[in-house]
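[1] predicted model follows, preceded by the sequence.
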Amino acid sequence: MRKWMTGLLAAAMLLSLVACSGGEQAPPETESSGQEITLVADFSNGSELAEEFDLIQTETGIAEEATPGAMAQALSEWSGLDFTLNSAAVEEGAVTVDWAADSTLVAGLDDREQKEEFSFHDIDSLRWFMMDSLYSTLTANLGEVEVYYTMDGGQDLSFDELYPVNLFPADTPYLGSPFYFAHAGGQGETDGADFSRTEGVWRLDGEEDTASIYMDGEGGFIAYYASGSVEAAGYLEYVDEYGDGNGRYDMYDGELGWINGFYFDSDTQIHMGNGDGPVYIRMDGEPADNPVPGALMYSPGFTGLTPADVNNDFHGGYFYEDLLDGSLAIIVTAAVANDFMSAGEETMEEYIARWAEVICGWEIRDLAVQDGGT
């Protein structure tokens with residue numbers, strides 16, 4: 001009974017307060033909304049065509065203060081990766097970021113469960129993503145600032161392995177992965193390299209029904225999943241690091257840059273990476289099945305073709321240009337990834353035309369799509 005009377009008294013007091021305020025209840029107090037910041041997920045990974053291929057995503061976040069530390073924390077929450085910093089200082093148009101040893105950038109993924117939209121299968125693409133994303137987020141919010149990356153309290157940021165550069169001096173501003181990849185060609189010795197020893201079908205562990213790589217012996221390759229679908233296609237570059245003739249063969253996919261590198265253990269065995277990476281064995285006599293027309297070879301059903309240009313692009317897109325009987329025939333084969341299309345903003349035909357213009361460098365007119373399915 002006593003509790004009921006207390007509740008009744010409280011209700012009466014509340015009604016009295018409402019009446020005194022003219023019948024209008026005062027709005028509740030709200031917490032400070034903080035400052036709006038722009039977060040950038042930059043999947044460039046060395047590509048200079050990141051914007052054309054929608055490899056840069058943005059999201060709006062809220063932070064109490066628009067500080068580098070707050071931006072790094074917001075990127076952590078968005079991506080599920082630890083953008084953990086020891087410190088971040090802004091001074092006279094420059095930002096110095098000291099990465100923590102337990103950050104995902106330095107420590108790697110370990111057994112961390114990845115978000116589907118931020119999933120990485122190799123440490124190189126993960127590290128370039130983190131460095132590019134924080135760099136792009138800082139410049140998007142702080143304007144034209146130079147960004148310096150360090151570790152261990154101001155030491156050079158360095159990694160045991162990262163292509164094409166694994167050391168970032170503390171006194172040199174970070175310039176974004178496209179810059180480093182664009183200047184990687186000077187390190188290799190591709191001109192005049194002999195790719196004949198790469199020719200053939202190479203299977204993971206030399207077993208049937210495993211992932212495989214077809215190489216044409218002229219510097220071209222196609223990598224297949226165990227299911228037989230195409231994983232990547234592109235070209236090789238040879239780097240004789242130590243001048244001993246036993247150099248590294250780097251695999252590039254045409255647009256997104258470096259994929260992996262391998263060394264020869266013998267004439268019939270190669271291994272990926274600098275350490276004890278996956279081993280591929282050459283399968284003598286196995287046919288090089290290639291379900292993608294024009295990727296590395298031309299259909300035997302056509303005769304009188306003179307190859308003019310070949311571009312093996314990422315995500316299953318391949319472009320080749322032939323001269324046929326004095327006329328120019330342009331054939332574009334594409335496997336379209338749905339997440340690269342601006343949802344609700346363009347049709348499939350418009351998307352394919354945009355994709356083809358970027359790949360081929362031609363203006364597309366009177367486009368006809370034989371199969372517009374996704």
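    The structure has been received and is ready for your questions. Given the structure is predicted, the values throughout are model-derived calculations rather than measurements. Numbers count the residues shown, from 1 in each chain.

[2] mind checking how far Q155 is from Y148?
    According to Cβ to Cβ, to the nearest Å, Q155 stands 12 Å off from Y148. In this view, the C-beta of every residue, glycine as well, is placed from N, C-alpha and C.

[3] for D156, same thing?
    For D156, the distance to Y148 equals 10 Å [Cβ to Cβ].

[4] okay, the two: which has more neighbours?
    Taking other Cβ atoms under 10 Å, D156 and Y148 do not tie; Y148 has more neighbours (20 against 14).

[5] my read is the more buried one is in a strand, agree?
    Yes - using DSSP: H, G, I helix; E, B strand; the rest coil, the assignment for Y148 is a strand.

[6] before we move on, back to that, identify the contacts common to D156 and Y148.
    Listed as contacting both D156 and Y148 by Cβ atoms under 8 Å, 6 or more residues apart in numbering are A170.

[7] name the residues contacting each of Q155 and Y148.
    Common contacts of Q155 and Y148, defined by Cβ under 8 Å, 6+ apart, comprise A170.

[8] for L39, give me phi and psi.
    Torsion angles at L39 (phi, psi; degrees, to the nearest 10) stand at phi -100, psi 140.

[9] quickly list what it is bridged to.
    Beta-bridge pairing for L39 (DSSP bridges): E59.

[10] what separates it from L85, distance-wise?
    For L39, the distance to L85 (Cβ to Cβ) stands at 15 Å.

[11] tell me how far the nearest residue to D160 once chain neighbours are set aside lies from L75.
    Excluding its sequence neighbours, the residue lying closest to D160 (Cβ to Cβ, 6 or more residues apart in numbering) is N166, at 7.2 Å. From N166 across to L75, the span is 22 Å (Cβ to Cβ).

[12] which residue of the two possesses the greater neighbour count?
    The neighbour comparison of N166 against L75 (other Cβ under 10 Å) goes to L75, with 23 against 13.

[13] please, which helix or strand holds the more buried one?
    helix 68-79 (DSSP states H and E).

[14] okay, and for the stretch 251-374 of the chain, where does confidence drop off?
    Within the stretch 251-374 of the chain, the ranges that satisfy pLDDT under 70 run 253-257, 286-345, 355-365, 369-374.

[15] name the SS class of the closest residue to F168 other than its chain neighbours, please.
    Leaving aside its sequence neighbours, F168 sits nearest to L157 (Cβ to Cβ, 6+ apart; 4.3 Å). Put simply, L157 is strand when judged by three-state DSSP.

[16] ok, now which ones touch the residue nearest to D160?
    For N166, the contacting residues are S158, F159, D160, by Cβ under 8 Å, 6+ apart.

[17] highest neighbour count among those?
    F159 leads those on contacts (other Cβ under 10 Å) with 16 neighbours.

[18] if I look at that one, how far off is D110?
    From F159 across to D110, the span is 15 Å (Cβ to Cβ).

[19] do D42 as well
    Distance from D42 to D110, counting by Cβ to Cβ: 23 Å.

[20] among those two, which residue is more densely surrounded?
    Shown here are D42 and D110; by other Cβ under 10 Å, D42 has more neighbours (23 against 6).

[21] now R354. Nearest residue, chain neighbours left out?
    E346 (7.3 Å).

[22] could you report the neighbour count for the one you found?
    For E346, the neighbour count with other Cβ under 10 Å is 13.

[23] ok, it touching D54?
    No - between E346 and D54 there is no contact under Cβ atoms under 8 Å: 11.3 Å.

[24] what ranges does the protein have for its helices?
    Applying DSSP state H to the chain gives helices spanning 2-20, 68-79, 104-107, 123-142, 177-182, 348-360.

[25] worst mean pLDDT among the ones you listed?
    Note on the helices of the chain: lowest mean pLDDT is at helix 2-20, with a mean of 35.

[26] how about the strands of the stretch 101-250 of the chain, start to end?
    Applying DSSP state E, counting those that start in this stretch to the stretch 101-250 of the chain gives strands spanning 146-151, 155-158, 167-168, 200-204, 212-215, 220-224, 230-239, 248-252.

[27] ok, the last one: who's next to it in the sheet?
    Strand partners for strand 248-252, identified by DSSP bridges, are recorded as strand 230-239 (antiparallel), strand 258-266 (antiparallel).

[28] how about these in a markdown table, adding distance to T137 and mean neighbour count?
    As requested, these are arranged in a markdown table below (distance: least, Cβ to Cβ, whole Å; neighbours: other Cβ atoms under 10 Å):
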| stretch | distance to T137 | mean neighbour count |
| --- | --- | --- |
| strand 230-239 | 28 | 20 |
| strand 258-266 | 24 | 17 |
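
[29] need those strands in JSON lines (columns: distance to L367).
    Shown next, in JSON lines, are the strands paired with strand 248-252 (distance: least, Cβ to Cβ, whole Å):
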{"stretch": "strand 230-239", "distance to L367": "24"}
{"stretch": "strand 258-266", "distance to L367": "30"}
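
[30] looking at the ones you listed, which is nearest to S125?
    strand 258-266 (9.0 Å; Cβ to Cβ).

[31] contacts for the helix holding L75 next, please.
    Applying Cβ under 8 Å, 6+ apart, the contact partners of helix 68-79 are 37, 39, 41, 59, 61, 63-64, 81-85, 88-90, 95, 97, 115, 118, 133-134, 137-138, 141-142.
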